[in-house]
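Enquirer: Give me coordinates for this.
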Amino acid sequence: MSRWRPPATPASKYITPQGYRHMNEELQFLWKTKRPEITRSVQEAAAQGDRSENAEYIYGKKMLREIDARVRFLSRRLDDMVVVDRAPEDTSKVYFGAYVELEEEDGSRRVYRLVGPDESDGQKGWVSVDSPLARALLKKQVDDEVSVEVPSGLKHWCISRIWYDYSETP
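Expert: Sure thing, here's the model as predicted:
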């Protein structure tokens, strides 16, 4: 038995200005604050002598590897991103960055925002543009019905409102 897995489908390269700013802030924090701090602690631990049994040294080196991997990922990902900072010409349809108010069959309403995969957040109602719900919503208009297969079965919504707001800050 091998550990090989088929390659993952590439994630969308779109991101909102807020998402880009958040990822860039994380990169700067890791590179300019966290990494030098961990490097100092590893140097101090190394100065204590035997490194093979020095838990602080071993843990610090592990942390540095994790930080370096995340920094590489963020750097590459940010270089490839396309920042979508304005609403589309046709704001009557759902596109990337849209806020969409959906009405369920029981009359309850919920607002979702279509964002990039790096900034999706279920607590805020921000769904990845690659998700099944977002794909079902794309290019739909107000009063269109949307159906998505969820673990509990087929779920139906009606689009009650669409808007775009790039002026807000997170």
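Enquirer: What residue in the protein is the furthest from its centre?
Expert: residue 49 (42.2 Å; CA atoms, centre = their mean).
Enquirer: contacting residues around it?
Expert: Contacts for residue 49 (CB atoms under 8 Å, 6 or more residues apart in numbering) come out as none. (Each C-beta comes from the backbone N, C-alpha and C, glycine too.)
Enquirer: quick check, it in a helix?
Expert: No: assigned with DSSP: H, G, I helix; E, B strand; the rest coil, residue 49 falls outside any helix and is coil.
Enquirer: What about it? Give its phi and psi, please.
Expert: Dihedral pair for residue 49: phi 120, psi -130, per degrees, to the nearest 10.
Enquirer: so where do the strands sit in this protein?
Expert: Shown for the chain, the strands assigned by DSSP state E span residues 14-15, 82-83, 99-104, 109-115, 126-128, 145-150, 153-163.
Enquirer: now those strands as TSV including mean pLDDT and mean neighbour count?
Expert: As requested, the strands of the chain are arranged in TSV below (pLDDT from 0 to 100; neighbours: other CB atoms under 10 Å):
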stretch	mean pLDDT	mean neighbour count
strand 14-15	92	24
strand 82-83	93	14
strand 99-104	94	18
strand 109-115	94	19
strand 126-128	94	20
strand 145-150	91	12
strand 153-163	93	14
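Enquirer: Let me know which of those is the nearest to residue 61.
Expert: strand 14-15 (32.2 Å; CB to CB).
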